[in-house]
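Enquirer: Quick one, structure for this:
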Amino acid sequence: MLAMVENRGEDDNLPRGQQDSQGRYILEGPLNRFAFSLLVECVRQGGCLPHSEMERRIRDLDLEAKVEACESIDYYLLPGPSKMQLTQALLANLVQPGPVSSEVLDLDKLGLCRSEMIMDRINIEGLCIKNLRLENCHVRNISIRKCNLIECELSLTVTAGEVQISNSGLEKVQLGVFSMNTTIKDRCKLQSCNLRVVEELLVEDSELDNCTFKGSDEDRKDRQVISAMFRRSDLHGDVALPFDKIVCEHTFFHGRNVRMTKGGPSVSLTKAKLRTLPLFDSEGKINLCLEDCELLESLTFQNMRLQLRDVRCAKPCEFIEVEFDTKVCDITFPTGSKFCNTRFKAGLQACIATGCRFEGCNLGYGQNAVADCLITRCHFQACRFPFLEENSPVANFSGSTFVACRIQWSGQFAHEESFVINSHWLRKWNLAGCTVGEN
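Expert: Predicted structure coming up:
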């Protein structure tokens, strides 16, 4: 400022300040008189106002005055404490009433602090914001509502008690916040964004397009469980999920591949109509649970632990290297369904399978392994069946073919015997019209 007002001769090329008709130097700055008054008062007081006085003045400013004051922070060379207070006041109530503004507010052009702050909250509503950037900060609550955020970044060094995003659009936003709870709901759309999930993520009535979850494994502690719940949402593109437990309700994966970065994760799909099933790529077998779902197309389940609860199959499906850890009950498998190296560890109950093929399968142990089942005109190749005693429940295998099958005993002296030799033990099964052979 001294360089602008001091007279240093005609040959001086340094910038000079503009003067009015009375010879007074004109300062650049906000047009809003309240913002201008605040900045000038800070200059008059040596750059800083008393904390209580600063809070009172900032509290009286509307959104326009706060933005204009922040735009001129660097021009008036205000020190860090004043700059920090203005930044905290702006982000705590960055709200525009009414519909979302179409004008982009580029925070990169404001003289805001980006680090070393503790804030009670960040509350942004009704605005289109670009280049919001924070690092090395702690925020008790982050709330983003009815906003469009473009190319913003909250780095991995930001912590928050809770993050809530609703009815907003985010594009190329990096949410690296360390937070125990992150909620995305009410018609949000995230495109090419990154979400860091430390403990719990809830996505509800929203859409994620080509999003990543990098940073979620950065601070994973021993025995820490990272979980995610997706309700009535859509996930587009191939995605890598770092979660131990995933619950999906009325949710659709539109990509072809879903890579699980955690070995042996648990995935639950509920109340869904499935036409495709993504290829789950994991170091170990995933635990997949389908509950109250409709399988509208032919799907292939491969190399997983599977639970079926109230599942309705419209077309034949294929089960390869699948383990059913719990009893499969009240499921109708359409004609043409195939089971290859499938283990029904707890058996089946009241299931229907007609014209299906079983190869190298284990139908369980114990007297109730195939209780009340209607499994007719099926082909069994090298399968294992349970040994039955007098009080075993009945099952219907009529019209089926058994080739190289075995009867298995469990317990202290577990062993197997030929299905042909022990066929007379199977008096609890309806074997009308069946053929049994070793070849």
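Enquirer: And the helices in this protein, which stretches?
Expert: In the chain, the helices defined using DSSP state H lie at 2-5, 33-44, 51-59, 63-71, 80-92.
Enquirer: tell me the mean pLDDT over the shortest one?
Expert: The reference is to helix 2-5. Helix 2-5 shows an average pLDDT of 50 in the prediction.
Enquirer: got it, and the last one?
Expert: Confidence for helix 80-92, expressed as mean pLDDT, is 87.
Enquirer: Could you list every helix and strand in contact with it?
Expert: helix 51-59, helix 63-71, strand 117-125 (3 or more CB pairs under 8 Å, 6 or more residues apart in numbering; DSSP states H and E). Where you see a C-beta, it was placed from the backbone N, CA and C, and this is true even at glycine.
Enquirer: Walk me through the domains of this protein.
Expert: Under automatic domain parsing, the residue ranges defining each domain of the chain are 27-92, 94-219, 222-315, 327-439.
Enquirer: any chance of those in TSV, plus distance to Q19 and mean neighbour count?
Expert: Shown next, in TSV, are these (distance: least, CB to CB, whole Å; neighbours: other CB atoms under 10 Å):
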stretch	distance to Q19	mean neighbour count
domain 27-92	11	17
domain 94-219	26	18
domain 222-315	59	17
domain 327-439	88	17
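Enquirer: what's the least confident stretch among these?
Expert: Looking at the domains of the chain, the bottom one is domain 27-92 with a mean of 83.
Enquirer: rewinding a little: now the domains of the chain in CSV, with distance to Q18?
Expert: Formatted as CSV, the domains of the chain follow (distance: least, CB to CB, whole Å):
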stretch, distance to Q18
domain 27-92, 9
domain 94-219, 22
domain 222-315, 54
domain 327-439, 83
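Enquirer: Which among the helices of the chain is found nearest to S166?
Expert: Smallest distance to S166 across the helices of the chain (CB to CB): 17.5 Å, for helix 80-92.
Enquirer: Put the alpha carbons of the closest one into CSV.
Expert: Provided in CSV are the C-alpha atoms of helix 80-92 (Å, rounded to 0.1, in the frame of the first residue of the first chain):
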residue,chain,number,x,y,z
GLY,A,80,-4.3,-15.2,10.4
PRO,A,81,-6.7,-14.9,13.4
SER,A,82,-9.0,-12.5,11.5
LYS,A,83,-8.8,-14.6,8.4
MET,A,84,-9.7,-17.7,10.5
GLN,A,85,-12.7,-16.1,12.1
LEU,A,86,-14.1,-14.9,8.8
THR,A,87,-13.6,-18.4,7.3
GLN,A,88,-15.3,-20.1,10.3
ALA,A,89,-18.2,-17.7,10.2
LEU,A,90,-18.7,-18.1,6.4
LEU,A,91,-18.6,-21.9,6.4
ALA,A,92,-20.8,-22.2,9.5
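Enquirer: Residues contacting that helix, please?
Expert: Contact with helix 80-92 is made by 42, 47-49, 51, 54-55, 58-59, 61, 66-67, 69-70, 73, 78, 110-113, 116-117, 119-124, as judged by CB atoms under 8 Å, 6 or more residues apart in numbering.
Enquirer: Now do it and helix 63-71, the angle between them.
Expert: 150 degrees (axes from the mean of the first three to the mean of the last three CA atoms, to 10 degrees).
Enquirer: and helix 80-92, how far from the chain's centre?
Expert: Relative to the centre of its chain, helix 80-92 is centred 33 Å away, using CA atoms, centre = their mean, to the nearest Å.
Enquirer: do stretch 234-254 as well
Expert: Per CA atoms, centre = their mean, the displacement of stretch 234-254 from the mean C-alpha position of its chain is 6 Å.
Enquirer: Same question for stretch 165-180.
Expert: Mean-position distance between stretch 165-180 and its chain equals 12 Å (CA atoms, centre = their mean).
Enquirer: Likewise for stretch 99-115?
Expert: That offset, for stretch 99-115, works out to 27 Å (CA atoms, centre = their mean).
Enquirer: End to end on it, go ahead and measure it.
Expert: 31 Å (CA to CA, to the nearest Å).
Enquirer: Show which residues not belonging to that stretch make contact with it.
Expert: 67, 70-75, 78, 80, 83-84, 86-87, 90-91, 126-137, 146-148, 150.
Enquirer: repeat for stretch 237-248
Expert: Contacts to stretch 237-248, defined as CB under 8 Å, 6+ apart, come from residues 197, 201, 208-213, 216-217, 225-230, 233, 253-262, 265-270, 272.
Enquirer: quick one: the residue nearest to L39 when sequence neighbours are not counted and C188, what's the gap?
Expert: The shortest distance from L39 to any non-neighbouring residue, by CB to CB, 6 or more residues apart in numbering, is to Y76 (5.0 Å). Between Y76 and C188 the distance is 38 Å, computed by CB to CB, to the nearest Å.
Enquirer: Next one: the residue most central in space within the chain from I124, what distance?
Expert: Closest to where the C-alpha atoms of the chain average out (CA atoms, centre = their mean) is A228, at 5.3 Å. A228 is 24 Å from I124, where distance means CB to CB.
Enquirer: cool, and L374?
Expert: 60 Å.
Enquirer: related to what we said a few turns ago, what residue, apart from its backbone neighbours, is nearest the residue nearest to the centre of the chain spatially?
Expert: Leaving aside its sequence neighbours, A228 is closest to L201 (4.2 Å, by CB to CB, 6+ apart).
Enquirer: what about that neighbour, distance to E321?
Expert: For L201, the distance to E321 equals 30 Å [CB to CB].
Enquirer: try G263
Expert: G263 is 17 Å from E321, by CB to CB.
Enquirer: And for N167?
Expert: From N167 across to E321, the span is 44 Å (CB to CB).
Enquirer: Correct me if wrong: N391 contacts Q367.
Expert: Yes. Applying CB atoms under 8 Å as the test, N391 and Q367 come out as touching, 6.8 Å apart.
Enquirer: For beta bridges, what are the partners of K130?
Expert: D106, I150 (DSSP bridges).
Enquirer: Surely it and L170 touch.
Expert: No. Contact criterion CB under 8 Å: K130 and L170 do not qualify, at 11.6 Å.
Enquirer: Overlap in contacts, these two.
Expert: Contacts common to K130 and L170, judged by CB under 8 Å, 6+ apart, are 149, 152.
Enquirer: so who does S233 touch?
Expert: Going by CB under 8 Å, 6+ apart, S233 touches 203-208, 248, 250-252.
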